[in-house]
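Asks: below is the sequence, then the predicted model.
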Amino acid sequence: MRQQVGNITVIVGRMEDIIPYADDSDRAAAMKGRADNRRREILAGRAIVRHALGIGLQHDQYGAPTVPLAGTCISLSHARDLIALAVSDTPVGIDIEFPRRQLLRVATKFLTANELPRYVTLPRLLEAWTAKEAVFKAAGHPDMTISEVEMTDDTTATARGRRYDITFLPHGDATVAVATPQG
């Protein structure tokens, strides 16, 4: 799936369909992963960037994915057999997740007291989790925690004094959230 959300290009695909776009340097980088599953995630992330932008993936000093194109911001996420990429000319965050009962058990760890009454079902918790993860990535503060992100309503959040717009893109059973700073 390739979709435009304003100035953001979002690509979601099955890892097995994306991995063939990897080159030898991507395969070599993926071999540094400790486990087969992690190597597959690394390879898929590198391959989706190569497929979408025609260039290799890099990482900043904090480990966040970047590309060597001035004015191009990216974000990656993976869940099960899916990989998701967001590309924009402004900071962007993306998260993809499938429903997990674990969210019911950990809700008080990532939701604020104001949010708890609004996010009580598993589908709503999944929305909050993916939105907060996307905002966390878009914010670009490696010392920030997910509990610092507060959902102000279903399509906006705040973190460290900045507001973020959130767009949800359903993808089968998975939920994809894309976040960008306002203004």
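Replies: Cool, got the structure. Numbering: from 1, shown residues only.

Asks: so where's the longest strand in this structure?
Replies: strand 162-171 (DSSP state E).

Asks: chain center to that one, what's the gap?
Replies: The chain centre lies 11 Å from the centre of strand 162-171; the measure is Cα atoms, centre = their mean, to the nearest Å.

Asks: for that strand, packing partners?
Replies: For strand 162-171, the elements it packs on are strand 2-5, strand 8-14, helix 122-139, strand 156-159, strand 174-181, judged by 3 or more Cβ pairs under 8 Å, 6 or more residues apart in numbering; DSSP states H and E. For the C-beta atoms, the positions are set from N, CA and C on the backbone; glycine is no exception.

Asks: who touches the first one?
Replies: For strand 2-5, the surrounding residues in contact (Cβ atoms under 8 Å, 6 or more residues apart in numbering) are 9-11, 167, 169, 178.

Asks: neighbour-wise, which of these leads?
Replies: residue 178 (30 neighbours; other Cβ atoms under 10 Å).

Asks: excluding chain neighbours, what is closest to it?
Replies: Leaving out its chain neighbours, the residue that sits closest to residue 178 by Cβ to Cβ, 6 or more residues apart in numbering is residue 167, at 4.8 Å.
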